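Asker: Fold the stuff below for me.
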Amino acid sequence: MKKLPRFIIFVALSGLVAAVRLLPQNLELTKSLSIDSLGACQGVSFINDKVYLYGDREVGMVREYVVDGDSLLYSGNEYRFTVNGQDVINHPTGIAYQPGQPVFLGNSIRLNPEGTLWKAVIYQVNWAGLKKQGTLDGNLLKTIEDDACIQGTRPEYVQYQNKWYVATADYGDKRNEVRLYDPEKLKTAEKTSEPGVLYKKFTCGPWVQNIHWMPEKGILVLIQNQIEGRKWRFTFLDLEKSLSTGKAHVLTTQDIEKADELEGFTTLGKGGKGIAVTSSRRSNVHFVNVK
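Answerer: Numbers count the residues shown, from 1 in each chain. This is a model prediction of the structure:
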């Protein structure tokens with residue numbers, strides 16, 4: 001049998017590795033918890049081995065938890081998004097945290113009862129100061145109007161071509177996009193429509209409540225509702241292909257037939273576990289296996 005040249009074998013194996021890296025994901029719910037004192041939970045982040053659940057109680061706030069098997073233990077640390085006792089980030093919609101990068105929090109403000117008019121704001125904050133102080137007093141560094149958005153903002157760090165960007169997405173059902181902002185430009189901007197802030201974007205499906213980056217796989221997860229405000233949907237995208245084509249490159253979509261409002265999702269490091277959260281008062285935190 002004639003042997004294949006080494007470079008052909010190398011190319012074939014490289015393609016196989018890339019295919020494995022981008023295999024579609026599957027989520028399996030393993031346990032549900034009821035976590036109180038959050039108001040309606042709006043999202044979840046995993047930062048430095050801690051879980052942060054944020055919500056819209058009487059003021060916007062975030063609480064810190066430690067993973068203990070398939071449970072969460074409250075650390076006793078709560079941080080309020082207030083300045084001089086006044087609510088600033090009343091409807092938190094994302095925490096963009098990446099070591100060595102500026103930290104951004106999102107806020108989507110409803111301007112009319114029908115929910116057809118929104119104002120989206122991104123805040124640069126001193127994360128270490130917020131944790132030490134317990135509030136945004138002295139720790140609110142910049143307020144940026146996200147006027148490049150279509151409906152709402154939900155910041156999350158993603159990596160593209162070896163550079164970190166702040167990604168965000170829209171919630172509505174028309175002209176939805178995922179946009180990448182340059183963090184260095186963003187932190188000095190008054191508005192995201194300013195030149196140089198928006199780096200790239202692509203169109204996506206509706207009802208995106210939050211987004212989550214899986215760096216080891218190059219996958220961006222859209223955390224969505226199947227219909228407005230109801231039922232769960234997870235859409236796994238190849239970020240690089242999405243940005244190169246200008247349209248979401250979907251690897252797989254998983255619908256879970258739960259009737260409440262899915263708000264957020266995070267993986268817990270590089271393992272096979274994750275947490276999904278909803279705005280329900282009970283059974284609002286769900287452990288999942290990521291396969």
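Asker: Let's see the pLDDT reported for the closest residue to residue 229 other than its chain neighbours.
Answerer: If the residues on either side of it in the chain are set aside, residue 229 comes closest to residue 261, at 5.1 Å by C-beta to C-beta, 6 or more residues apart in numbering. Bear in mind the C-beta positions are built from the backbone N, C-alpha and C, glycine included. Residue 261 is assigned 97 on the pLDDT scale.
Asker: And for residue 12?
Answerer: Here the pLDDT value assigned to residue 12 is 41.
Asker: The one 4 residues further on too?
Answerer: Residue 16 is assigned a pLDDT of 38 by the prediction.
Asker: Then residue 50?
Answerer: In the prediction, the pLDDT value recorded for residue 50 is 98.
Asker: re earlier: what residues does the residue nearest to residue 229 make contact with?
Answerer: With contacts defined as C-beta atoms under 8 Å, 6 or more residues apart in numbering, residue 261 is in contact with 209, 225, 229-230, 278-280.
Asker: do the same with residue 259
Answerer: By C-beta under 8 Å, 6+ apart, the neighbours of residue 259 are 230-231.
Asker: Look up how far residue 35 lies from it.
Answerer: Per C-beta to C-beta, to the nearest Å, residue 259 is found 19 Å from residue 35.
Asker: Also residue 287?
Answerer: From residue 287 across to residue 35, the span is 12 Å (C-beta to C-beta).
Asker: Which stretches in the stretch 151-291 of the chain count as helices?
Answerer: With DSSP state H, counting those that start in this stretch, the ranges of helices along the stretch 151-291 of the chain come out as 183-186, 239-245.
Asker: Dump those helices into a markdown table; add distance to residue 164 and mean neighbour count as well.
Answerer: Output for the helices of the stretch 151-291 of the chain, formatted as a markdown table (distance: least, C-beta to C-beta, whole Å; neighbours: other C-beta atoms under 10 Å):
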| stretch | distance to residue 164 | mean neighbour count |
| --- | --- | --- |
| helix 183-186 | 6 | 19 |
| helix 239-245 | 12 | 18 |
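Asker: Of those helices, which is nearest residue 58?
Answerer: The closest of the helices of the stretch 151-291 of the chain to residue 58 is helix 183-186. By C-beta to C-beta, the value is 29.4 Å.
Asker: what's the pLDDT at the closest residue to residue 222 other than its chain neighbours?
Answerer: Taking C-beta to C-beta, 6+ apart, and ignoring the residues beside it in sequence, residue 222 has residue 235 as its nearest neighbour in space, at 4.1 Å. What the model reports as pLDDT for residue 235 is 97.
Asker: low-confidence ranges in the stretch 51-200 of the chain?
Answerer: Counting by pLDDT under 70, the stretch 51-200 of the chain shows low-confidence ranges at 114-116.
Asker: Walking through it, point out its strands one by one.
Answerer: 60-68, 71-80, 82-83, 86-87, 92-96, 103-110, 118-125, 140-145, 156-160, 163-169, 177-181, 198-203 (DSSP state E, counting those that start in this stretch).
Asker: buried ones in stretch 163-171?
Answerer: Judged by neighbour count (16 or more other C-beta atoms under 10 Å), stretch 163-171 contains these buried residues: 164-171.
Asker: ignore the last one, stretch 140-160
Answerer: Neighbour-count burial for stretch 140-160, counted by 16+ other C-beta under 10 Å, picks out 140, 144-146, 148-158, 160.
Asker: do stretch 282-290 as well
Answerer: The neighbour-count check on stretch 282-290 (16+ other C-beta under 10 Å) flags 284-288, 290 as buried.
Asker: do stretch 252-270 as well
Answerer: 256, 258, 260-268.
Asker: Among these, which ones are in strands?
Answerer: Counted as lying in strands by DSSP state E, out of the buried residues of stretch 252-270, are 256, 262-267.
Asker: Would you mind putting the residues you listed into CSV with distance to residue 128 alongside?
Answerer: What follows is these, written out as CSV (distance: C-beta to C-beta, whole Å):
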residue, distance to residue 128
256, 36
262, 31
263, 26
264, 23
265, 26
266, 21
267, 24
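Asker: residue contacts, residue 75?
Answerer: Counting by C-beta under 8 Å, 6+ apart, the residues that residue 75 touches are 50, 63-66.
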